[in-house]
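*Asks:* Got a predicted structure here, sequence first:
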Amino acid sequence: MIKVGIVGGSGYTGAELLRLLARHPYARVEHLTSRKEAGKPVTEMFPQLRGFFDGLEFTAPDIAALAGCDAVFFATPHSTAMQMAPELVSRGVRVVDLSADFRLRDAAVYKQWYGHAHACPDLLEAAVYGLPEIKREHIRRASVVGNPGCYPTAVQLGFLPLLEARAVDAESLIADCKSGVSGAGRELKLGSLFAEATDSFKAYGVAGHRHLPEIEQGLVGIAGPAVSLTFTPHLVPMVRGIHATLYARVKGDLDYQALFEARYRDEPFVDVMPAGAAPDTRSVRASNTCRIAVHRPMGRDTVVVLAVIDNLVKGAAGQAVQNFNLMFGFDEVTALDQPPVWP
Ligand SMILES: NC(=O)C1=CN([C@@H]2O[C@H](COP(=O)(O)OP(=O)(O)OC[C@H]3O[C@@H](n4cnc5c(N)ncnc54)[C@H](OP(=O)(O)O)[C@@H]3O)[C@@H](O)[C@H]2O)C=CC1
Ligand SMILES: CC(=O)N[C@@H](CCC(=O)OP(=O)(O)O)C(=O)O
């Protein structure tokens with residue numbers, strides 16, 4: 001049994017980790033932190049977990065206790081994991097970080113987008129970007145995995161087959177993305193209030209969102225340096241889900257449907273929909289699947305890819321469990337092979 005710690009257990013992705021790990025046959029959650037809820041039984045805050053985590057209480061983060069675990073998930077805001085991970089790793093703990101602390105390869109780029117210096121650039125260099133569809137073999141051996149952001153997961157999976165096949169002009173990429181409100185986390189924020197977010201729809205981060213360098217880093221890794229991406233996120237009044245509409249200019253003629261089907265044939269968590277389909281976010285709710293459809297409208301020179309994920313699952317906790325499974329040699333789908341919740 002793998003002993004697991006979760007730092008940031010009272011937030012949305014922490015709760016989602018608990019939901020998924022509740023059914024994991026080889027993982028036992030031993031430590032769950034929340035500074036504000038320390039001492040409270042987890043089932044008092046999350047009654048939906050009664051019967052699964054009875055007796056487990058939130059504790060304040062404590063390195064000595066966490067070092068007794070085999071694996072620690074960080075479901076915390078940026079710049080928390082980088083403070084604790086070096087000591088944990090030096091004591092043999094393997095870390096999956098859901099924040100952005102270990103996603104960007106270049107510490108200078110991290111500083112530019114996150115506004116402060118990286119606390120452990122050496123560990124950053126050793127960390128592996130946790131997108132299994134690209135980095136599976138590296139993830140198996142990693143001590144630290146930087147779990148991708150939610151938008152970067154949907155956008156990279158959508159563009160991946162096109163860029164690998166050199167089928168589109170890599171300087172023509174556009175990602176028009178929509179996220180549900182849980183993407184902003186559980187902390188109180190004006191924009192997440194019901195009266196602010198419901199029955200309305202707006203773009204944000206248009207001038208430059210911190211997921212842009214993360215997505216570009218991934219796309220450059222596939223297609224080489226000549227990548228240019230316009231990325232615009234939007235907030236939509238739903239709880240879970242990301243919908244990415246991706247555009248690229250075609251180069252030559254190709255059967256895009258066959259290309260996507262071949263690329264993802266063996267991927268357990270990417271579903272290529274039949275030609276002509278349009279996936280809805282509801283079709284992936286609470287599941288680790290990314291559903292994709294590819295179109296070439298009117299046979300013209302733009303290919304349109306539609307990719308949907310649940311931001312809390314394939315966009316965060318599910319992908320983190322997928323990475324955990326790879327790191328510890330379990331079947332990759334363990335605890336993740338359930339159908340989505342519908343409607
Ligand atoms: N929500 C989403 O869809 C996605 C989120 N992510 C990333 O995952 C991480 C967690 O997100 P989410 O669950 O939404 O966030 P929440 O705001 O819902 O939860 C944050 C958690 O971290 C704890 N926390 C906050 N500050 C600290 C600190 N300094 N030290 C230790 N614990 C702390 C909080 O508890 P307490 O303050 O009581 O300690 C709480 O349990 C973030 O980095 C986010 O960017 C990634 C992909 C998608
Ligand atoms: C709706 C919303 O606010 N979404 C978040 C992204 C959440 C996420 O995946 O990002 P990180 O892990 O990089 O924080 C945002 O745009 O900042």
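*Replies:* Received it, and whenever you're ready, just let me know what you need. Ligands and ions are numbered 1, 2, ... in the order given.

*Asks:* quick one, strands of the stretch 101-250 of the chain?
*Replies:* With DSSP state E, counting those that start in this stretch as the criterion, the stretch 101-250 of the chain has strands at 128-129, 144-146, 173-179, 202-203, 229-235, 242-249.

*Asks:* closest one to residue 63 among those strands?
*Replies:* Proximity to residue 63 (C-beta to C-beta) singles out strand 144-146 among the strands of the stretch 101-250 of the chain, at 15.4 Å. Placement of C-beta: from N, CA and C, glycine included.

*Asks:* Partner strands of the closest one and their direction?
*Replies:* Paired with strand 144-146 in the same sheet, following DSSP bridges, are strand 94-97 (parallel), strand 128-129 (parallel).

*Asks:* Please identify the deepest-packed of the ones you listed.
*Replies:* For these, ranked by mean neighbour count under the definition mean count of other C-beta atoms under 10 Å, the leader is strand 94-97 at a mean of 26.

*Asks:* Quick one: check that one for contact with ligand 1.
*Replies:* No. Figure legend: strand 94-97 not in contact with ligand 1 (C-beta under 6 Å from any ligand atom); closest approach 8.1 Å.

*Asks:* Give me the contacts around that strand.
*Replies:* Residues outside strand 94-97 that contact it (C-beta atoms under 8 Å, 6 or more residues apart in numbering): 70-74, 81, 85, 88-89, 127, 130, 142-147, 320, 323-324, 327-328.

*Asks:* Now the buried members of these.
*Replies:* Buried members of the contacts of strand 94-97, counted by 16 or more other C-beta atoms under 10 Å: 70-74, 81, 85, 88-89, 127, 130, 142-147, 320, 323-324, 327.

*Asks:* Now, those residues that are in helices?
*Replies:* Counting by DSSP state H, the part of the buried ones among the contacts of strand 94-97 found in helices is 81, 85, 88, 89, 320, 323, 324, 327.

*Asks:* Throw those into a markdown table and include distance to residue 43 and pLDDT, thanks.
*Replies:* Below are these laid out as a markdown table (distance: C-beta to C-beta, whole Å; pLDDT from 0 to 100):
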| residue | distance to residue 43 | pLDDT |
| --- | --- | --- |
| 81 | 26 | 98 |
| 85 | 29 | 98 |
| 88 | 27 | 98 |
| 89 | 31 | 98 |
| 320 | 22 | 98 |
| 323 | 27 | 98 |
| 324 | 23 | 98 |
| 327 | 28 | 98 |
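
*Asks:* Distance to ligand 1 for those residues - can I get that in JSON lines?
*Replies:* Shown next, in JSON lines, are these (distance: C-beta to the nearest ligand atom, whole Å):
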{"residue": "81", "distance to ligand 1": "8"}
{"residue": "85", "distance to ligand 1": "12"}
{"residue": "88", "distance to ligand 1": "13"}
{"residue": "89", "distance to ligand 1": "17"}
{"residue": "320", "distance to ligand 1": "9"}
{"residue": "323", "distance to ligand 1": "13"}
{"residue": "324", "distance to ligand 1": "15"}
{"residue": "327", "distance to ligand 1": "18"}
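
*Asks:* measure stretch 50-60 end to end?
*Replies:* One end of stretch 50-60 to the other measures 21 Å (C-alpha to C-alpha, to the nearest Å).
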